[in-house]
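> give me the fold of what follows.
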Amino acid sequence: MATTRIIPMHVNKGKTLAQCLTDRTDYAKNPDKTEDGELISAFECDAKTADAEFLYSKRQYKLLTGREQKSDVIAYQIRQSFKPDEVTPEEANRIGFEFAKRFTKGNHAFIVCTHTDKHHIHNHVIWNSTTLDSTRKFRNFWGSTEAVRKLSDLICMEHRLSVIENPKPHGKSYNKWLGGSAKPCNRDLLRAAIDSALEKKPKDFEAFLKLVEASGYTVKCGKHLTFMRDGQDNIRLRSLKEGYSEEELRAVILGTRVHTPRKKKSYPVRTPRPNLITQIEAKIGTGKGAAYDQKLKVVKLKSMAETLLFVQKHGFADYAALAEYADAASARTKELTTKIKTAESRMAEIAVLKTHIINYSKTREVYTGYRKAGYSKKYYTEHESDIIIHKAAKKAFDELGVKKLPTVKSLQAEYSKLLAQKKNDYAELSSAREEAKRLQIYKANAELLLRSDEPEKEKARERQQEK
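Okay, the predicted model is just below:
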């Protein structure tokens, strides 16, 4: 189950476009929230330099189209929160990546940062408002909130997670959604402190206030009685509503009124809605009887016959030979999987490297001018985006350990070769998996047959000994 919210991100007053992009992405990528960056994934950009790459695309957009908006949306963000204990951080990140890829149709670069610092795991999905070809911008269309929710629900169902039934048009707070497990709000905590103080029967109102202060609050007596606590907003006593006004509390202390602690609202916890997959799985294996048992025997006999034909065809001398053949097929699938992952990793590295080489080449002249100007602040302000992009490219080269820059043409050739090899490996992997699965069945059948012969052999030996 996931709740979603789409948030357009504008340029803040008094800050540059570059500063705003850096601030927003840095918050999402916070290593304390993302398991030291392990829960960050990116599409068509390097997560470490996403802000610089987003900035560069906006500069290209202006050059290509000649258009510039005063109140530009620099990026879009979607917060995707999951119900506690229903999804792992790694799965949440994969769901966020799949959601972003499908929602943007692969036309925008994005990063997905999964935060685990709260009780509920949640994603921060940030995508560039400018398309990959820098000719268009994402438009937050009418009904986008509903579209985001429907797509998120669809992906959650595909991953066998629950979804919110009959969502309200304006949504509900996360605490209400969590139900009984919701964390108490600051006012509930203050009410609890007041209830505890009243249980100790203070002799007067001043003694009552001291008891509340002992629980960690600071009391400010002015026009309105206010309670303050570190890390919380100030709370006026009158905001606690019925049963907690100063007059009512004084009456309770004097004994002329009985205090009834306010019960915390409880919201019904929704049970996961059974989806079609769950219903089908619940039906599998039901209704067993004589007919089912007979059909199962036929299936087993067919499977055993196929195993016998396979063994005869290949002439295996014993069970160990068949097991070795089956295990070799399984090892081949692992080998192909590793090979494909290695190729994908290198292809991703090439894509990042190619982008940085192009950016480095285009901004080298500006950065040279910046050095000749003695790193002038005025020059930096005039060419801020180019300088940031150039520095980001140099930093990426250092992190990748690149000493001599390859040509874009050579990288493209290597990428094409890896892509072709990856397609061939995928085709082979598909057939290899089927073959490995079939062989494991044959291996299990042969083992079952050999085990079933043991009791008969044991009985034959016993009869021979009796004679």
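> contacts, neighbours, all on C-alpha from now
Will do.
> let me know the secondary structure of Trp127.
Going by DSSP: H, G, I helix; E, B strand; the rest coil, the secondary structure assigned to Trp127 is strand.
> tally up the residues packed near it, please.
26 (other Cα atoms under 10 Å).
> what about the strands in the stretch 1-150 of the chain?
In the stretch 1-150 of the chain, the strands defined using DSSP state E, counting those that start in this stretch lie at 2-10, 40-43, 73-82, 110-115, 122-128.
> and the shortest one, what does it pack onto?
Put plainly, it is strand 40-43. helix 89-103, strand 110-115 (3 or more Cα pairs under 8 Å, 6 or more residues apart in numbering; DSSP states H and E).
> off-centre distance for the last one?
The one in question is strand 110-115. The chain centroid and the centroid of strand 110-115 are separated by 7 Å under Cα atoms, centre = their mean, to the nearest Å.
> ranking the strands of the stretch 1-150 of the chain by burial, who's on top?
The highest mean neighbour count among the strands of the stretch 1-150 of the chain, using mean count of other Cα atoms under 10 Å, belongs to strand 110-115: a mean of 29.
> name the residues that touch that one?
Outside strand 110-115, the residues within contact range by Cα atoms under 8 Å, 6 or more residues apart in numbering are 28-29, 33-34, 39-45, 47, 50, 89, 92-93, 96-97, 100, 121-128.
> cool, stretch 340-353 as well?
Glu44, Cys45, Asp46, Ala396, Phe397, Leu411, Tyr415, Leu418, Leu419, Lys422, Asp425, Tyr426.
> the residue nearest to Val219 when sequence neighbours are not counted and His356, how far apart?
Leaving aside its sequence neighbours, Val219 sits nearest to Phe227 (Cα to Cα, 6 or more residues apart in numbering; 4.8 Å). Using Cα to Cα, to the nearest Å, one obtains 54 Å as the distance from Phe227 to His356.
> so these two - more neighbours on which side?
His356 (24 against 21).
> name the nearest residue to the more buried one, sequence neighbours excluded.
Excluding the flanking residues, the one nearest His356 by Cα to Cα, 6+ apart is Ala393, at 4.9 Å.
> only alpha carbons, please: show the helix or strand containing the one you found as PDB.
Taking DSSP states H and E as the definition, one finds Ala393 inside helix 384-400. Extracted C-alpha coordinates of helix 384-400, given in PDB (Å, rounded to 0.1, in the frame of the first residue of the first chain):
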ATOM      1  CA  GLU A 384      27.700  29.800 -13.000                       C
ATOM      2  CA  SER A 385      25.900  26.800 -14.700                       C
ATOM      3  CA  ASP A 386      28.800  26.100 -17.100                       C
ATOM      4  CA  ILE A 387      31.400  26.200 -14.200                       C
ATOM      5  CA  ILE A 388      29.300  23.900 -12.000                       C
ATOM      6  CA  ILE A 389      28.900  21.400 -14.900                       C
ATOM      7  CA  HIS A 390      32.600  21.500 -15.700                       C
ATOM      8  CA  LYS A 391      33.500  20.800 -12.100                       C
ATOM      9  CA  ALA A 392      31.000  18.000 -11.900                       C
ATOM     10  CA  ALA A 393      32.500  16.400 -15.000                       C
ATOM     11  CA  LYS A 394      36.100  16.600 -13.500                       C
ATOM     12  CA  LYS A 395      34.800  15.100 -10.300                       C
ATOM     13  CA  ALA A 396      33.200  12.200 -12.100                       C
ATOM     14  CA  PHE A 397      36.400  11.500 -14.000                       C
ATOM     15  CA  ASP A 398      38.300  11.300 -10.700                       C
ATOM     16  CA  GLU A 399      35.700   9.000  -9.200                       C
ATOM     17  CA  LEU A 400      35.800   6.700 -12.200                       C
END
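> can you pull the buried residues of that helix?
Neighbour counts using 16 or more other Cα atoms under 10 Å place Glu384, Ser385, Asp386, Ile387, Ile388, Ile389, His390, Lys391, Ala392, Ala393, Ala396, Phe397 of helix 384-400 among the buried residues.
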